[in-house]
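In: Mind folding the following:
(one chain, ligands or ions: 1)
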Amino acid sequence: MIDLRSDTVTQPGPAMRAAMAAAAVGDDVFGDDPTVNRLQDATAERFGMEAGLFFPSGTQSNLAALMAHCQRGEEVIVGQEAHTYRYEAGGMAVLGSIQPQPLQNLPDGSLDLAMVEGAIKPDDSHFAITRLIALENTIGGRVLSRAYMADAIALARRRKLSIHLDGARIFNAAVKLGVPARDLCAGFDTVSVCLSKGLGAPAGTVLVGRRDLVERARRVRKMLGGTMRQVGVIAAAGLYALEHHVDRLAEDHANAQLLAQGLAAAGLKVDPVQTNMVFATIPAESVASLKRHLEANDVVALVSPRLRLVTHLDVDRAQVERAIDVFASFLQIRAATAAE
Ligand SMILES: Cc1ncc(COP(=O)(O)O)c(C=O)c1O
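Out: Numbers count the residues shown, from 1 in each chain. From the prediction side, this is the model:
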């Protein structure tokens, strides 16, 4: 099986499982779990932030962060494509009574900062109180540069707003740019860092940031039922991932490039690739037959007219080459059938 659906599908390998089995644990509700504490401190330190807090998922970490920043009736300016806005079941509105102010993302994934500034509401009782800007990096595999993020942070400071980063794949951005995560993220009030995407841990996200905000997020995590007990067994996987799986993201990026080149050479229209995600356009009438062809050849993908393929820890170069062959054979069969 070559599973290209997402970088979340990885299996913990033997060394990660050994680290989990050997983890010292304690009741994290009492702050007693030494492995959780080590993970929180190590992640905060890596990002140059004051504090860190372990969450079961990226969704919950983002939500707790937004609720730590915004009170009921306050507003966050966020991209239409942002995970926090589009793919988290409206949690900020449902559970946080936070009003999202979505803006269209530019083709590079960024938000136009003049539009962001224009969306900040005046101090007038008609309006929700704009409190926060939320960015995402990487977003749909695209990298926001340090210069862009620094401009967004400067805007937030000038307009007395907070700024949060959904950094579910921030290490993909850091590796791509060749910039340490702490330099890339300097100035954000909070950053949500997933361990279960490209880093290959089975679960877990650390919210890092200003201590007062992290302490507020701790209360929200409790409210959301996300505070766990002897969870060092999971945190150990996160520590292992941070220590062993960051630099190797460059391999996933190289494999994504290879995949994109192979698909383009086979005749598909493919977007330029920056990190570990490849987007290709599939004619709507070919979706069902491509799905069948991939299944028959042990390639797993979420097939739609805008096909997204993701490289990760459990897909090596040889498997990428095989996947390219499977796509190429599909296109050859399609071309031959069309010619008949
Ligand atoms: C950019 C981004 N943020 C947040 C999340 C949420 O993470 P989780 O699935 O752990 O809740 C995801 C999940 O894929 C994501 O892609």
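In: secondary structure element for the nearest residue to residue 181 once chain neighbours are set aside?
Out: Distances taken as CB to CB, 6 or more residues apart in numbering put residue 174 closest to residue 181, at 4.6 Å, once the chain neighbours are dropped. C-beta: built from backbone N, CA, C; applies to glycine. Element membership of residue 174, judged by DSSP states H and E, is helix 170-177.
In: Does anything pack onto that helix? Which helices or strands?
Out: Packing partners of helix 170-177 (3 or more CB pairs under 8 Å, 6 or more residues apart in numbering; DSSP states H and E): helix 181-185, strand 190-194, helix 249-266.
In: Please list the residues outside it that contact it.
Out: Applying CB atoms under 8 Å, 6 or more residues apart in numbering, the contact partners of helix 170-177 are 137-138, 141, 143-146, 167, 180-181, 184-185, 191, 193, 198-199, 246-247, 249-250, 252-253, 274-276.
In: close to the ligand, is it?
Out: No: Helix 170-177 is not in contact with the ligand by CB under 6 Å from any ligand atom; minimum separation 9.6 Å.
In: Okay, angle between that helix and helix 249-266 too, please.
Out: Here the directions of helix 170-177 and helix 249-266 differ by 70 degrees (axes from the mean of the first three to the mean of the last three CA atoms, to 10 degrees).
In: which stretch among the helices and strands packed on helix 170-177 comes nearest the ligand?
Out: strand 190-194 (5.7 Å; CB to the nearest ligand atom).
In: Walk me through which strands the following helix or strand past the closest one pairs with, and which way each runs.
Out: Where DSSP H and E defines the elements, the next helix or strand beyond strand 190-194 is strand 205-209. Strand 205-209 pairs in its sheet with strand 51-55 (antiparallel), strand 190-194 (antiparallel), by DSSP bridges.
In: a markdown table for these, including distance to residue 222?
Out: Output for the strands paired with strand 205-209, formatted as a markdown table (distance: least, CB to CB, whole Å):
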| stretch | distance to residue 222 |
| --- | --- |
| strand 51-55 | 11 |
| strand 190-194 | 17 |
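In: For stretch 98-111, give the mean pLDDT please.
Out: Averaging pLDDT along stretch 98-111 gives 98.
In: Equivalent analysis for stretch 26-36, please.
Out: Rounded mean pLDDT across stretch 26-36 is 98.
In: who touches the closest residue to residue 95 other than its chain neighbours in this structure?
Out: Distance criterion CB to CB, 6+ apart; nearest residue to residue 95, sequence neighbours excluded, is residue 63 at 6.5 Å. Each residue near residue 63 by CB under 8 Å, 6+ apart is listed here: 84, 88, 91, 92, 95, 96, 220, 224.
In: mind checking how far the fifth one is from the ligand?
Out: The reference is to residue 95. 14 Å (CB to the nearest ligand atom, to the nearest Å).
In: what do you get for the third one?
Out: Shown here: residue 91 relative to the ligand, a distance of 10 Å by CB to the nearest ligand atom.
In: Over to the first one?
Out: Taking CB to the nearest ligand atom as the measure, residue 84 and the ligand are separated by 7 Å.
In: Helix, strand, or coil at that residue?
Out: helix (DSSP: H, G, I helix; E, B strand; the rest coil).
In: Quick check: chain neighbours aside, which residue is closest to it?
Out: residue 62 (4.9 Å).
In: Give the buried residues for the helix or strand containing the one you found.
Out: Taking DSSP H and E as the criterion, residue 62 maps to helix 58-69. Buried residues in helix 58-69, counted by 16 or more other CB atoms under 10 Å: 58, 59, 60, 61, 62, 63, 64, 65, 66, 67, 68, 69.
In: Pipe the residues you listed into JSON lines and attach pLDDT and distance to residue 29 per row.
Out: JSON lines is the format used below for those (pLDDT from 0 to 100; distance: CB to CB, whole Å):
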{"residue": "58", "pLDDT": "98", "distance to residue 29": "21"}
{"residue": "59", "pLDDT": "98", "distance to residue 29": "21"}
{"residue": "60", "pLDDT": "98", "distance to residue 29": "16"}
{"residue": "61", "pLDDT": "99", "distance to residue 29": "18"}
{"residue": "62", "pLDDT": "98", "distance to residue 29": "22"}
{"residue": "63", "pLDDT": "98", "distance to residue 29": "19"}
{"residue": "64", "pLDDT": "99", "distance to residue 29": "16"}
{"residue": "65", "pLDDT": "99", "distance to residue 29": "20"}
{"residue": "66", "pLDDT": "98", "distance to residue 29": "23"}
{"residue": "67", "pLDDT": "98", "distance to residue 29": "19"}
{"residue": "68", "pLDDT": "98", "distance to residue 29": "19"}
{"residue": "69", "pLDDT": "98", "distance to residue 29": "24"}
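In: Restrict the residues you listed to those that also contact the ligand, please.
Out: Restricting the buried residues of helix 58-69 to those near the ligand by CB under 6 Å from any ligand atom leaves 58, 59, 62.
In: All set now, cheers.
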